[in-house]
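Chemist: Got a predicted structure here, sequence first:
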Amino acid sequence: MSSPCSTNLDNTTDAASDASTGPTLIELDRARVIRGNAVVLHDLSLSIAQGQHTAILGPNGCGKSTFIKLIDRELFPVAREGETPIRLFGMPRWNTWELRKQLGVVANDLGRDLQEMHELQVEEAVLSGCFASWVVPPDAEVDENMRRNAAWALERMQAGALAARRCAELSTGEMRRVLIARALVNRPQALLLDEPTAGLDPVAQQQFLQLLRTLAAQGITLVMVTHHIEEIVPEIDRVVLLRAGQVLADGSREQVLTAERLSAAFGGPMQVRREGERYFASHLG
């Protein structure tokens, strides 16, 4: 087997419709996800084009984690007869290894799991991305090309010096860089990021966001799932605002990141300010 390394708040604006003009990265067509007795995604329709940096924004419980698990094939939508609720790169079905060549998923849960493997070294954690596995499978052959890709990915995230260290010893910021390097080892076209700066101190947060801006400038599509408005870097100009498993608003940052829309999404009065190219929000308690 080969390795992949070798007005109305629910409106849809022009930013969303632009997704149909280029190759599609992620397409949801009335995707419904049920967990237990609860419907967590309510017939969600959403299309994101390759090259269209997008933030999926919303409060806890709005369906953001379900969205990630849906894309990562940890959860599956309820499929009605004759319908295809989800397509990635235009295809309804994927081999996981092949998918990782094009879409790298960076989930914080994985970082915690890897750090619980006390003897796991950073290089091996990055190499495991070649096999779409938590660790390098015991019977897998790791060749020099894979090691070169792992070194390249770590250097790209300014984490080359961490290669020989144990994951358990890393800070939150260092581990976050390793997770993105693990996703980059397959040289994907896009990254799906789960709250990428959660748990970082202010200095580490700004350094990390600058790395994301660099990746965006180098042509890697960013799809960021977050409830932190300050994580939305200027390269991300489309914001999809979720509430209770449905799209509340979809458009440019200027159109969506308003006090009215965020107050409706987060269920309380919000204040929004803009500093240069960045947006910040706070609760008016």
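Modeler: Okay, I see it.
Chemist: Start and end of stretch 231-240, how far apart?
Modeler: End-to-end distance of stretch 231-240: 14 Å, with C-alpha to C-alpha, to the nearest Å as the criterion.
Chemist: which residue packs closest to Ala259, ignoring adjacent ones?
Modeler: Take Ala259 and drop its neighbours on the chain: the residue closest to it by C-beta to C-beta, 6 or more residues apart in numbering is Val272, 4.9 Å away. All C-beta spots, glycine's among them, are computed from the backbone N, C-alpha and C.
Chemist: wait, the one you found sits on Leu257?
Modeler: Yes - Val272 lies in contact with Leu257 (C-beta atoms under 8 Å); the separation is 5.9 Å.
Chemist: any residues in contact with both of the two?
Modeler: Ile229, Tyr279, Ala281 (C-beta atoms under 8 Å, 6 or more residues apart in numbering).
Chemist: count of neighbours near the last one?
Modeler: Ala281 has 19 neighbours, counted by other C-beta atoms under 10 Å.
Chemist: hang on, it is in a strand, isn't it?
Modeler: Yes - according to DSSP: H, G, I helix; E, B strand; the rest coil, Ala281 belongs to a strand.
Chemist: And it, how close does it get to Pro269?
Modeler: 11 Å (C-beta to C-beta, to the nearest Å).
Chemist: quick one, helices of the stretch 51-200 of the chain?
Modeler: 64-71, 96-102, 108-115, 122-127, 144-156, 172-184 (DSSP state H, counting those that start in this stretch).
Chemist: about what we covered before: would you mind telling me which of Val272 and Leu257 has more residues around it?
Modeler: Leu257 (23 against 16).
Chemist: pLDDT at that one, what is it?
Modeler: Leu257 is assigned 97 on the pLDDT scale.
Chemist: Same question for Ala16.
Modeler: 43.
Chemist: Then Thr12?
Modeler: Looking at Thr12, its pLDDT is 43.
Chemist: repeat for Ala183
Modeler: pLDDT for Ala183: 92.
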